[in-house]
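In: predicted model and sequence below, questions to follow.
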Amino acid sequence: MSNLWGPPQGGLRAQIEMSGKERLHHLIEQLPDSEIVAAKRFLQFLTAQEAPVEPETLARIDAARANPSPGMSHEEILREFGR
């Protein structure tokens, strides 16, 4: 198997002339069949668009950050819930 992450074969001229997408296509062609599913999932993850966050949700997040809860110590949790 050839080096998947090293420079493309063919010398410096080939390295300079190969674009980023061409390099990616080259790497995909070199993948063993056993890695295709993982590579597909990773590429889908990279291209996924995040869902928009509603303004009300952003306002609640900002309010929570501005007024953080004091929380509970470990000891208080153990007293309340036992152990």
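Out: Looks like it arrived, so ask away.
In: following element in sequence after the helix or strand of the chain at the bottom of the mean pLDDT ranking, please.
Out: Within the chain, judged by mean pLDDT, DSSP states H and E, the helix or strand with the poorest mean is helix 11-17; its value is a mean of 63. Proceeding N to C from helix 11-17, the next assigned helix or strand is helix 20-30, under DSSP states H and E.
In: packing partners of the next helix or strand after that next one?
Out: Under the assignment DSSP H and E, the closest C-terminal helix or strand after helix 20-30 is helix 36-47. Packing partners of helix 36-47 (3 or more CB pairs under 8 Å, 6 or more residues apart in numbering; DSSP states H and E): none among the helices and strands. For every residue, glycine as well, the C-beta is placed using N, CA and C.
In: give the rounded mean pLDDT of helix 36-47.
Out: Average pLDDT, helix 36-47: 91.
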